[in-house]
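In: I'd like to go over a predicted model; first the sequence, then the structure.
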Amino acid sequence: MRFRRLFPLPASPQDKGAQAECSEQDHGQPQRQGRVIPGFRNVGRRTGRRSFPVFGKGLDAQVALYAIAVWTIYIVPFLACNPEITLSGLNCDRRFQICFRKILAHLPCDILMHINGTYVRHGDLDIHELFTPVDITDKVRAKLPGVNDNLLRIQAAISGKAEPNIDFSLSCQKCVFWQYCSRNLPKPNVFDLPGTGSAFSYKHKLAIYKDGDIVFSQLRGRPELRERQILSVEGVLDGKTILRKDKIRAFLRTLTYPIYFLDYEGINPPIPPYDGTRPHHQTPFQYSLHWIEREGGELHHAEFLGNPEVSPLRDLAEQLCRDIPKDVCVIVYNDTYEKPATRQLAELFPDLADHLLNICDHIKDLMIPFKNLDYYLPAMMGSYSIKYVLPALYPDDPELNYHNLTDVHKGTEASAAFMHMAGMPMEEREELRKNMLKYCCLDTYAMVKVWQKLIEISEN
């Protein structure tokens, strides 16, 4: 084995002695399970905390792989995930396969370090509490026989002059190259049908595709299609629309003045960045707020955007309580983020909990009429996402077109922008802040326009 090529830092005499000591102790212990956690705790002390990075990001799961003192290996997935899923992802990664073949077969112990979702940060990051070690040695060894065949197949693919002709499979789900690989499919096609959950997942769409039914004209009458998928097909082929005015009026009667329109932007990193947060904690860093005091009243706006270098949570919670009074109607679009995020703020700040929970209790979801199919247009393509609903209600309106924004056009871009702001020069940072505020402002202004459209169609 060529450890020098993989680990450019040579082991010191002290490290070699520690390795020999570990080897003697380990071979004297027949039960591997009994030394997994002690090994994790003590390996830094034994080797002077020398660890050697092998590679960075993985393909299916982002992975960092470290060999410590060459006698054990720790696999750290980027996301808090099931160990079985992580192993599946690693098996698809060429760089891991190479390390797998050269190293893993010769090491006595392999540990999967997955994130402990119950860890709460207080002060400096405690990596011993953040990660939970799991011995996966037997499962790793079981994958060894297929490594060489996988490497030969991958090497043949990358050395060829033409792209491999590979059909769609379950591995393509959420792949970053989906747009490229599906570019030759006719539009719209079966993969454009709405539905991502268990009711109608990518797996269902793939099965229909494998049957040879690809374009919408081939999908009519398929028994797997449910109401929303049928609407999407009929909307494109027949121009079918739905308008249930009585249902829309009933929904609008639940909204009372003053009306506040709220939208958060947030992050949920696997490593908690601030005190009081957990891995993947819903951490809002920005909000936009439009409101109207009375019928026919003026539209007002307020906003907040935190500083990424310090926790924005306290400042955001305090300003939110100043901007939104108690016992008022608060409208969001899809309450699956704003409600739990507001409750988490209440848990973090007990002195603000009464006000924050009052805001949470008065939240109304503007998505309901579209989710319940009380109002449907063919341009919504079977979806009730505001990114489909808004252009369907206001086609060709440049004021409501997210593509006309700069830098930030969707929530994931806002989250990435916030994380990158800290290291930016001041001039670039201020420009990015301005664009982030414009994006979030459009989110709540879009809600105002959707609400106004519901009022308009319910009265006409």
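Out: That came through fine.
In: low-scoring stretches of this structure, by residue?
Out: For the chain, the stretches with pLDDT under 70 are 1-110, 196-199.
In: got the residue ranges for the strands in it?
Out: Using DSSP state E, the strands of the chain run over residues 51-55, 63-68, 72-77, 109-115, 131-135, 242-243, 259-267, 283-292, 299-305, 329-332, 363-365, 375-376.
In: list the buried ones in stretch 223-232?
Out: Neighbour-count burial for stretch 223-232 flags 225, 228, 229, 230, 231, 232 (criterion: 16 or more other Cβ atoms under 10 Å). All C-beta atoms are positioned from the backbone trio N, CA, C, and that covers glycine.
In: make CSV from the strands of the chain and add distance to residue 428 and mean neighbour count to it.
Out: Output for these, formatted as CSV (distance: least, Cβ to Cβ, whole Å; neighbours: other Cβ atoms under 10 Å):
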stretch, distance to residue 428, mean neighbour count
strand 51-55, 30, 15
strand 63-68, 29, 19
strand 72-77, 32, 22
strand 109-115, 32, 21
strand 131-135, 35, 17
strand 242-243, 47, 13
strand 259-267, 19, 23
strand 283-292, 18, 24
strand 299-305, 15, 16
strand 329-332, 31, 22
strand 363-365, 35, 16
strand 375-376, 42, 24
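In: for residue 318, which of those strands is the nearest?
Out: Comparing the strands of the chain by their distance to residue 318 (Cβ to Cβ), the top pick is strand 299-305, with 9.6 Å.
In: residues contacting that closest one, please?
Out: 285-293, 312, 315-316, 319-320, 323, 433, 436-437, 440-441, 444, 448 (Cβ atoms under 8 Å, 6 or more residues apart in numbering).
In: in its sheet, what does it sit against?
Out: Here strand 299-305 has these sheet partners by DSSP bridges: strand 283-292 (antiparallel).
In: where's residue 412 relative to residue 324, distance?
Out: As judged by Cβ to Cβ, to the nearest Å, residue 412 and residue 324 stand 26 Å apart.
In: which of these two has more neighbours?
Out: residue 324 (21 against 10; other Cβ atoms under 10 Å).
In: distance check, the more buried one against residue 333.
Out: 16 Å.
In: what sits against residue 122?
Out: So residue 122 contacts 275, 276 (Cβ under 8 Å, 6+ apart).
In: now it: phi and psi?
Out: Per-residue torsions, residue 122: phi -140, psi 110 (degrees, to the nearest 10).
In: about what we covered before: okay if I get the buried residues of stretch 223-232 as JSON lines plus distance to residue 174?
Out: Output for the buried residues of stretch 223-232, formatted as JSON lines (distance: Cβ to Cβ, whole Å):
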{"residue": "225", "distance to residue 174": "22"}
{"residue": "228", "distance to residue 174": "20"}
{"residue": "229", "distance to residue 174": "20"}
{"residue": "230", "distance to residue 174": "25"}
{"residue": "231", "distance to residue 174": "24"}
{"residue": "232", "distance to residue 174": "20"}
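In: take those and keep only those in helices.
Out: Of the positions in these, 228, 229, 230, 231, 232 sit in helices, assigned by DSSP state H.
In: tell me who's in contact with the nearest residue to residue 311 once chain neighbours are set aside.
Out: The shortest distance from residue 311 to any non-neighbouring residue, by Cβ to Cβ, 6 or more residues apart in numbering, is to residue 274 (3.7 Å). Residues in contact with residue 274, defined by Cβ under 8 Å, 6+ apart, are 121, 283, 311, 313.
In: among the residues you listed, which one has the most neighbours?
Out: The most crowded member of the contacts of residue 274 is residue 283, carrying 26 neighbours; neighbours defined as other Cβ under 10 Å.
In: spit out the contact partners of that residue.
Out: 266, 267, 268, 269, 273, 274, 277, 313, 341.
In: of the residues you listed, closest to residue 362?
Out: residue 341 (15.3 Å).
In: what's the separation between that closest one and residue 263?
Out: For residue 341, the distance to residue 263 equals 11 Å [Cβ to Cβ].
In: do you have the helices of the stretch 51-200 of the chain handy? List them.
Out: For the stretch 51-200 of the chain, the helices defined by DSSP state H, counting those that start in this stretch occupy 83-91, 94-102, 127-130, 137-143, 147-159, 178-181.
In: check the stretch 301-450 of the chain too.
Out: Taking DSSP H, counting those that start in this stretch, the helices of the stretch 301-450 of the chain run over residues 313-323, 335-348, 353-361, 368-371, 386-393, 411-421, 426-459.
In: okay, the angle between the last one and helix 411-421?
Out: By that I understand helix 426-459. 160 degrees (axes from the mean of the first three to the mean of the last three Cα atoms, to 10 degrees).
In: give me the helices and strands touching helix 426-459, please.
Out: helix 245-252, strand 259-267, strand 283-292, strand 299-305, strand 329-332, helix 386-393, helix 411-421 (3 or more Cβ pairs under 8 Å, 6 or more residues apart in numbering; DSSP states H and E).
In: export those to a markdown table and tack on distance to residue 368?
Out: As requested, these are exported to a markdown table (distance: least, Cβ to Cβ, whole Å):
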| stretch | distance to residue 368 |
| --- | --- |
| helix 245-252 | 6 |
| strand 259-267 | 15 |
| strand 283-292 | 19 |
| strand 299-305 | 22 |
| strand 329-332 | 11 |
| helix 386-393 | 12 |
| helix 411-421 | 20 |
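In: and residue 193, which of these is closest to it?
Out: Residue 193 lies closest to helix 386-393 among the helices and strands packed on helix 426-459, at 12.8 Å (Cβ to Cβ).
In: then that closest one to PDB, C-alphas only?
Out: As requested, the backbone C-alpha atoms of helix 386-393 are provided in PDB (Å, rounded to 0.1, in the frame of the first residue of the first chain):
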ATOM      1  CA  ILE A 386     -46.400  30.100  -5.600                       C
ATOM      2  CA  LYS A 387     -43.800  30.000  -8.300                       C
ATOM      3  CA  TYR A 388     -46.500  28.400 -10.600                       C
ATOM      4  CA  VAL A 389     -49.500  30.100  -9.200                       C
ATOM      5  CA  LEU A 390     -48.300  33.700  -9.400                       C
ATOM      6  CA  PRO A 391     -47.400  33.700 -13.200                       C
ATOM      7  CA  ALA A 392     -50.600  31.800 -13.900                       C
ATOM      8  CA  LEU A 393     -52.600  34.600 -12.200                       C
END
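In: now the angle between strand 259-267 and that helix, please.
Out: Angle of helix 386-393 versus strand 259-267, following the same axes, to 10 degrees, is 140 degrees.
In: return the distance of helix 386-393 from the chain's centre.
Out: 22 Å (Cα atoms, centre = their mean, to the nearest Å).
In: restrict stretch 252-265 to CA atoms and write it as CSV.
Out: These are the backbone C-alpha positions of stretch 252-265, laid out as CSV (Å, rounded to 0.1, in the frame of the first residue of the first chain):
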residue,chain,number,x,y,z
LEU,A,252,-61.5,34.8,2.5
ARG,A,253,-64.0,35.2,5.4
THR,A,254,-61.4,33.7,7.7
LEU,A,255,-59.0,36.7,7.0
THR,A,256,-59.7,39.8,9.0
TYR,A,257,-58.1,43.3,9.0
PRO,A,258,-55.5,44.3,9.8
ILE,A,259,-53.8,41.7,7.5
TYR,A,260,-50.1,41.0,7.6
PHE,A,261,-48.2,39.1,4.9
LEU,A,262,-45.0,37.4,6.3
ASP,A,263,-42.2,35.4,4.6
TYR,A,264,-39.0,34.1,6.1
GLU,A,265,-35.7,33.2,4.5
